[in-house]
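# Below: sequence and its predicted model.
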There are 2 protein chains.
Amino acid sequence: MSPLDLTRAGAASLDEANPLRGCRDLFDLPEGVVYLDGNSLGALPRAVAPHLARVVGAEWGGGLISSWNDADWINLPARVGARIAALIGAPADDVHVGDSTTVLLFKTMVAASRMRPDRRVVVVEPTTFPTDGYVAAGVAELLGLELRWCDPADPAASLDDDVALLALTHVDFRSGALFDMATLTAAAHDVGALVQWDLCHSAGAIPVDLVGVDADFAVGCTYKYLSGGPGSPAYAYVAARHQDRFRQPITGWMGHAHPFEMERDHVPADGVRRVASGTPPVLALSALEAALGVFDGVDLGTLREVSLSLTDYFIALLDDRLGDPFEVITPRERERRGSQVSLRHPDAYGVVQALIARGVVGDFRTPDVARFGFAPLYVSHVDVWDAVEALVAVLASFEHLHPAYAVRNLVT
Amino acid sequence: MSPLDLTRAGAASLDEANPLRGCRDLFDLPEGVVYLDGNSLGALPRAVAPHLARVVGAEWGGGLISSWNDADWINLPARVGARIAALIGAPADDVHVGDSTTVLLFKTMVAASRMRPDRRVVVVEPTTFPTDGYVAAGVAELLGLELRWCDPADPAASLDDDVALLALTHVDFRSGALFDMATLTAAAHDVGALVQWDLCHSAGAIPVDLVGVDADFAVGCTYKYLSGGPGSPAYAYVAARHQDRFRQPITGWMGHAHPFEMERDHVPADGVRRVASGTPPVLALSALEAALGVFDGVDLGTLREVSLSLTDYFIALLDDRLGDPFEVITPRERERRGSQVSLRHPDAYGVVQALIARGVVGDFRTPDVARFGFAPLYVSHVDVWDAVEALVAVLASFEHLHPAYAVRNLVT
């Protein structure tokens, strides 16, 4: 890598050379804001508002009940699933969309555990997003299994032939560290365990190759890098080889082989549709469908290069301008880094609030982490430069106010 | 009841006397359509489109992540729950909104069964909406319980001291028959069982008094009489006396006592928020919140009177104009009738299709039922008159085409 030009003009040059620079115009970003929280809530794609207005007015209001067929609402979960499949290295037919991430984690963990009835351990990584652990604990209680917390630095060390499922997150929500999906999946398979990946903090910013790594299951949200909107529906991948034996416990009519026959007994649908439970959330799925258009024609390798260029640049500027005050807890090795950079600081909460007041939006995670996410479709190198400039100014004011960085919640 | 005037002018007179006649203007109904399928998908309230456009543009696009606090997204499930509570006789704090009906049925059935650990039977009524039975079967398998199908004419006969939960629907989706909530709840309590009511086909058209009948749990959808939009989120009621011991199995961060503390172990929130699992579906909840404004100032006793007036009138017109060709399977007794009228006919599918072609929208339920729903806020007596007129015309054409009514799917 050639040395980076750390001036603002240098940042602008990097943006000019960015092959994805045109994508920013696909989003409706507020003026004067540097938005580095797309890893929590993705920015609004311009296509969403007019599409949703049409779905509400013409399809719901005008078409009424007939829109289930005439506007093909009934196939939204599969249609949107096929679009997401293209971003995660999955065949188009193997991704279902609906429910929340939590509910899909639950369905998948129960179904996976049922596929290994002779095993009684579910392994979870303790720094994972809390819900993943909560759900695993809930499933363990329900099925009489043991929940085993692994060492984050070496999840494979917790694997043995009593493990039914290894449930890991691809990118750690707090540190931004990227797990090695291929190696860990292979390690689990070596002991006969199944693997479930949580893609919430990777899909849409980092290429995922579920088929390539031979993953069994994956679940992810769509409101971060996929920009589907606040609380938009989640998705689940079930490897084709497991679909016939995938028995999730929330058996509703939309996962039935013949939903409109209204049969008394449940017969799971063929394929990934058996993941479905209730009536699909049409408005939310429609917003998501329109949002996913921002990925049309985007090469995922290029997306990754842009993401790394942004995080490289952020880290280089921090090193150059700040040095000591922050500990970068995100791995500096490119192959271990997601699309965010997290900093540890005793007054991280106050720093994040002060940055927001200056128009630079990151977020705080308890107890002392400031997170900055770099959505590669709409964050520029100039944004990165301006964010670090604001951080320098905030810290200067903090040194004056409380040099020991020991006071929390002072700046709001 | 005075004799009904069965002329179209008589229908118009009934509409003039309807105290809720102004409510129709709150909906965006297509011209030339008589919409009698609000029991499947409620019509579009006019307030939804502008509100949703504001939530998307200003709150998501403009406010981005800060809208979780600034636009109070985080409290949408509770805020919308309070509005629904007012329609079902529940205290404002005891209703949670989120997930699909299927998922909430599952959570509630598991939690209820766990409250009666010494009992091993769940009783379900076999003509209920299929999902209710599917979910009960799924829960029974998961917890090692027995699923007992009761006699639809006498559910209480299946109760004994081994029953943990009686799960019933308030209004039968197919026949429109209304179950006696107070009597059946009392019968279940007499043997120490808990009761869960499915309100999908009653709330918003029929007064529900959950506290008055001493119900334990209730679940309902919001896309039928509540007009929340296709696949809008469902709601769950948990009686205050049960909330502390309510342990649903899909333990996610939004049901945690301290979601943003990111603790490793799950501690259920106080109150009904423990029903929550994942991130709330903000766009769908916002559409629903705006939609529920149509009930502002509506007296539920008046709503019921209007509903009964519409179904009385439909049945009277059928008797007068048609007589034999249809069997009315909806109870003629007012106290046993929901807000729909269902007819049995060997060519029900063809009849419904022919009516749709004439602008009268009802729906077909296998094998031989034509359903007509009467949403009391926007269906008029003139609509009812026009629908029966269309039905007479359709049947006349059918007599010519296939007098035995034995051919299905011929008219499309």
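Yep, it's here.
# shaky segments in the stretch 251-400 of chain A?
Filtered on pLDDT under 70, the stretch 251-400 of chain A yields the residue ranges A:399-400.
# Next to chain B in this structure, residues from it, please.
A:251-254, A:256, A:260-266, A:277-285, A:287, A:356, A:361, A:363, A:365-366 (C-beta under 8 Å from any C-beta of the partner chain). Just so you know, the C-beta spots here come from the backbone N, C-alpha and C atoms, and that holds for glycine as well.
# Show me the residues you listed that map onto helices.
Using DSSP state H, the subset of those located in helices is A:V282, A:L283, A:A284, A:L285, A:A287, A:I356.
# Hmm, the fourth one is touching A:L76, no?
Yes: using C-beta atoms under 8 Å, A:L285 is in contact with A:L76, at 4.2 Å.
# Identify the contacts common to the two.
A:V97 (C-beta atoms under 8 Å, 6 or more residues apart in numbering or on different chains).
# Where does the stretch 251-400 of chain A get nearest to chain B, residue-wise?
A:G278 (2.7 Å; C-beta to the nearest C-beta).
# hang on, the earlier thing: just the buried residues from the residues of the stretch 251-400 of chain A next to chain B, in ChimeraX please.
Selection command for ChimeraX covering only the buried members of these, criterion 16 or more other C-beta atoms under 10 Å in any protein chain shown:
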select /A:251,252,253,254,256,262,263,266,277,278,279,280,281,282,283,284,285,287,356,361,363,365
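# A:H345: neighbour count?
19 (other C-beta atoms under 10 Å in any protein chain shown).
# again but with A:A86, I slipped
Close neighbours of A:A86, defined as other C-beta under 10 Å, add up to 16.
# ok so, going back, in strands, which of the residues of the stretch 251-400 of chain A next to chain B fall?
Using DSSP state E, the members of those that fall within strands are A:V361, A:D363, A:R365.
# Where does the stretch 101-250 of chain A get nearest to chain B, residue-wise?
A:T102 (3.3 Å).
# so that residue sits in a helix?
Yes: residue state for A:T102 (DSSP: H, G, I helix; E, B strand; the rest coil) corresponds to a helix.
# What pLDDT is listed against it?
Here the pLDDT value assigned to A:T102 is 97.
# so who does it touch?
A:T102 touches A:T131, A:Y134, A:V135, B:I250, B:G252, B:W253, B:M254, B:S277, B:G278, counting by C-beta under 8 Å, 6+ apart.
# State the number of residues packed around the nearest residue to A:V33 once chain neighbours are set aside.
With C-beta to C-beta, 6 or more residues apart in numbering or on different chains as the criterion, A:V33 has its nearest non-adjacent residue at 5.1 Å, and that residue is A:G359. When neighbours are defined as other C-beta under 10 Å, A:G359 has 15 of them.
# same thing with the one 3 residues further on?
Burial of A:G362, expressed as a neighbour count using other C-beta under 10 Å, amounts to 26.
# measure it to A:A370 for me?
Separation of A:G362 from A:A370 (C-beta to C-beta, to the nearest Å) stands at 6 Å.
# In the stretch 51-200 of chain A, which residue sits closest to chain B?
Proximity of the stretch 51-200 of chain A to chain B (C-beta to the nearest C-beta) peaks at A:S100, 2.7 Å away.
# Surely that residue and B:G252 touch.
Yes: counting by C-beta under 8 Å, B:G252 is a contact partner of A:S100 at 7.1 Å.
# Need the overlap of contacts for the two.
The contact lists of A:S100 and B:G252 share B:S277, B:G278, where a contact means C-beta under 8 Å, 6+ apart.
# Next, count neighbours for A:A153.
Other residues close to A:A153 by other C-beta under 10 Å number 9.
# Quick one, grab the pLDDT at it.
pLDDT, A:A153: 93.
# Can you list phi and psi of it for me?
A:A153 has phi and psi values of phi -80, psi -10 when expressed as degrees, to the nearest 10.
# separation between it and A:W197?
Taking C-beta to C-beta, one finds A:A153 at 18 Å from A:W197.
# just A:R304 next, same as before
According to C-beta to C-beta, A:R304 stands 17 Å off from A:W197.
# More neighbours: those two, which one.
A side-by-side neighbour count of A:R304 and A:W197, using other C-beta under 10 Å, places A:W197 first with 27 against 16.
# Tell me which residues touch the more buried one, please.
Counting by C-beta under 8 Å, 6+ apart, A:W197 has contacts A:L168, A:T169, A:H170, A:M181, A:T185, A:V208, A:L210, A:A215, A:F217, A:A218, A:V219.
# now A:D265
Taking C-beta under 8 Å, 6+ apart, we find A:D265 in contact with B:G133, B:Y134, B:A137.
# Got a PyMOL select line for the buried ones in those residues?
Selection of buried members from the contacts of A:D265 for PyMOL, criterion 16+ other C-beta under 10 Å:
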select buried, chain B and resi 133+134+137
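# Which ones, among the contacts of A:D265, also lie beside chain A?
B:G133, B:Y134, B:A137.
# So which residues of the stretch 51-200 of chain A form strands?
A:95-97, A:121-124, A:146-149, A:163-169, A:194-198 (DSSP state E, counting those that start in this stretch).
# Nothing else from me, thank you.
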